[in-house]
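S.K.: Can you look at this prediction? I've put the sequence above it.
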Amino acid sequence: MRGRRQRQRTALLLLVAALAGTFGAVGHGTSLMRRPELASVDARFGIRGTQAPPSDVVVVALDDASIDRLDQSVPIQRRLHARVIDRLSRAGAKVIAYDFDFLTPTTARDDNALITALRRARGVILAATQITEDGETDTLGGDETRAYARVTVATPNFLPPNARRATIRRLPLDVLGVPNFAVAVARRAGAAIPRDEFDGDGMWIDFPGPEGTFTTLPFADVVEGRRAWSAAAVRGKVVIVGASASVIQDVRSTPLGDGVPGAEINAAAVSTLLRGAPLRDAPGWLAVLWVLGLSTLTPLAALRLQALRWLPVPVVLAAAGAVVAQLAFDGGRILPVAAPGAALLSALLGTLAVAYATDLRDRRHLRAAFARYVPPSVVDEVVAQAGDDLRLGGVRREGTVLFCDLRGFTSVAEHLEPEAVVALLNVYLSEMSAALLDHGGTIVSFMGDGIMAVFGAPLVQEDHADRALRAARELLGPRLDAFNAAAGTAEPMRLGVGVCSGPVLSGNVGSQRRVEYTAVGDTTNTAARLEQMTKAAGVPILIADSTRALLHDEPAAGLEPVGDLEIRGRQTRLKAWTLA
């Protein structure tokens with residue numbers, strides 16, 4: 001029976017592992033866990049914290065203060081943009097990337113100033129926000145003008161057309177065939193573009209921090225050539241010019257905060273490319289192993305660990321998984337978290353269900369069984385000692401064994417109906433059991449109107465001899481009187497009790513179909529012989545000298561010697577005592 005239950009348990013746990021692993025793999029391989037996974041990436045950015053600002057990318061921001069200082073309205077005059085381009089070019093900027101879209105003509109003077117400045121700077125990357133489905137744009141008046149100005153147009157859009165507003169985390173290679181702004185800038189700066197990282201949703205942007213992380217120069221400082229602006233601040237660097245003024249509203253959400261200007265997001269994307277795209281998804285094989293490991297280890301651990309001993313496993317897996325995922329992120333690899341986390345939770349719930357249906361059910365049955373013959377206060381301790389096969393292993397301890405037998409019950413039972421006999425026997429066993437359990441004894445067995453109990457096993461009791469003697473006094477006194485009163489017989493029934501202390505071998509024994517607790521050995525045999533000899537000795541109780549020698553609290557002076565008795569099965573005589 002036990003073997004069949006174990007096989008059922010194993011099959012159920014393997015099923016839980018298979019289902020949890022499948023759930024994790026499906027969640028990882030589909031969009032099922034997309035939102036929580038992206039949220040976990042955002043959290044990892046936050047835990048990593050702000051990094052040192054990249055030294056090779058600088059932002060020139062048209063902020064609210066610059067608009068006020070230049071006494072401009074939006075859009076500002078193009079001659080001011082021309083002045084900024086000239087100053088950046090003369091300062092030796094490596095790449096000038098202009099995140100302003102010049103679509104409609106303004107005045108001839110301003111338009112010509114801008115086009116001329118662009119031509120002098122050679123190779124400015126110009127943003128084109130409006131692109132047709134054919135990949136065409138009217139930025140700067142069309143292809144002919146752009147060719148004269150020697151500019152390259154690229155789209156600063158991070159999302160496909162008509163896409164819902166979302167947090168910017170990845171960078172596309174192009175949109176409608178037009179290169180992405182950051183990609184074009186990085187390519188102009190000499191960076192190798194890792195095209196394989198743009199598969200799927202695009203390349204991860206490794207944001208170094210929230211708004212304000214990059215070195216940012218006010219637009220007005222560059223226009224006016226103030227001392228606050230130094231050519232050394234941009235020499236040999238990529239300079240991205242864009243708007244941060246609230247009136248222009250060129251802001252997006254990133255993993256590290258909302259309201260980040262588009263120029264700073266582009267700066268983060270360019271910096272990521274210049275550093276070789278350091279933030280990447282973990283290799284597919286590693287991600288799958290990671291998902292399957294977190295998904296299946298809990299039920300697999302439960303195959304070896306019975307009851308709830310496996311419960312720390314998912315806790316450790318969850319904690320270790322979070323730490324490893326963060327360390328991997330800090331090292332530039334993104335391990336999946338949401339799918340294996342959900343699968344780990346499902347594995348935990350499934351394994352708990354199996355444990356409830358098997359281990360815990362068996363232990364409830366074991367507890368109910370032990371509650372019948374050990375004190376309620378120690379039932380949990382006894383069950384806790386049970387092994388994985390839900391048996392108490394054999395242990396040798398010093399203990400005291402007590403046998404008691406009711407004298408005269410057989411003759412009384414001959415004159416009663418069977419139902420009355422059983423009822424009377426239950427009254428007797430209830431009275432005697434209460435006394436034994438109240439003093440910490442373990443009831444080993446009922447043998448008709450006989451009872452066997454042991455003190456000091458299965459739990460250690462240093463005062464087992466005292467407990468046994470106190471229980472014996474109660475059996476022979478108030479408990480026997482209460483039973484006789486309930487029986488209402490003409491002659492009161494008597495009790496024979498045998499008590500012996502010494503080594504006791506106890507544990508669960510039996511077959512796969514039936515298991516019971518027992519205590520065996522010479523001490524048990526002697527206690528049984530003493531109980532049998534009480535009638536011949538003419539005393540209600542015989543106590544072995546080994547028990548008297550171990551008394552601490554019970555007064556040994558309350559005992560009187562019976563003499564040296566010859567015990568069947570023993571080579572030497574046994575000195576015995578009885579109650580005075």
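M.R.: Sure thing, it's come through.
S.K.: Measure how buried residue 331 is and give me the count.
M.R.: Neighbour count of residue 331, defined by other C-beta atoms under 10 Å: 9. (Each C-beta comes from the backbone N, C-alpha and C, glycine too.)
S.K.: need the contact list for it.
M.R.: For residue 331, the contact set (C-beta atoms under 8 Å, 6 or more residues apart in numbering) is empty.
S.K.: what's it sitting at in phi/psi?
M.R.: With angles defined as degrees, to the nearest 10, residue 331 sits at phi -90, psi 0.
S.K.: per-residue pLDDT, it?
M.R.: Confidence at residue 331, expressed as pLDDT, is 95.
S.K.: for residue 353, same thing?
M.R.: The pLDDT attached to residue 353 in the predicted structure is 89.
S.K.: quick one: secondary structure of it?
M.R.: Secondary structure state of residue 353, per DSSP: H, G, I helix; E, B strand; the rest coil, is helix.
S.K.: list the contacts for it?
M.R.: Contact criterion C-beta under 8 Å, 6+ apart gives residue 16 as the residues in contact with residue 353.
S.K.: same deal with residue 575?
M.R.: In this structure, residue 575 makes contact with 544, 545, 561, 563, 564, 565, judged by C-beta under 8 Å, 6+ apart.
S.K.: what about the nearest residue to the first one once chain neighbours are set aside, helix or strand, and which?
M.R.: What sits nearest to residue 544 in space, not counting adjacent residues and going by C-beta to C-beta, 6 or more residues apart in numbering, is residue 500, at 3.9 Å. With elements delineated by DSSP states H and E, residue 500 resides in strand 494-510, which encompasses its position.
S.K.: list the helices and strands the following helix or strand past that strand packs on?
M.R.: Proceeding N to C from strand 494-510, the next assigned helix or strand is strand 515-520, under DSSP H and E. Taking 3 or more C-beta pairs under 8 Å, 6 or more residues apart in numbering; DSSP states H and E as contact, the helices and strands that strand 515-520 lies on are strand 442-447, strand 494-510.
S.K.: at 6 Å what do you get?
M.R.: Taking 3 or more C-beta pairs under 6 Å, 6 or more residues apart in numbering; DSSP states H and E as the contact definition, the neighbouring helices and strands of strand 515-520 are strand 494-510.
S.K.: Pull out the CA atoms of the strand it packs on and give them to me as CSV.
M.R.: Once non-C-alpha atoms are left out, strand 494-510 reads as follows in CSV (Å, rounded to 0.1, in the frame of the first residue of the first chain):
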residue,chain,number,x,y,z
ARG,A,494,-9.6,-5.5,41.0
LEU,A,495,-6.6,-4.5,39.0
GLY,A,496,-3.2,-6.2,38.6
VAL,A,497,-0.3,-3.9,37.6
GLY,A,498,3.3,-4.8,36.7
VAL,A,499,6.0,-2.1,36.4
CYS,A,500,9.6,-2.6,35.3
SER,A,501,12.3,-0.1,34.2
GLY,A,502,15.3,-0.7,31.9
PRO,A,503,16.3,-0.6,28.2
VAL,A,504,13.3,-0.4,25.9
LEU,A,505,13.4,-0.9,22.1
SER,A,506,10.5,0.9,20.6
GLY,A,507,9.3,1.9,17.1
ASN,A,508,6.7,1.3,14.5
VAL,A,509,6.5,-2.3,13.2
GLY,A,510,4.2,-4.1,10.8
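S.K.: in its sheet, what does it sit against?
M.R.: Using DSSP bridges, strand 494-510 pairs in its sheet with strand 395-407 (antiparallel), strand 515-520 (antiparallel), strand 541-544 (parallel).
S.K.: what helices or strands is the helix or strand just after the last one leaning on?
M.R.: Towards the C-terminus, the helix or strand next in line after strand 541-544, according to DSSP H and E, is helix 545-549. In terms of contacts (3+ C-beta pairs under 6 Å, 6+ apart), helix 545-549 is packed against strand 494-510.
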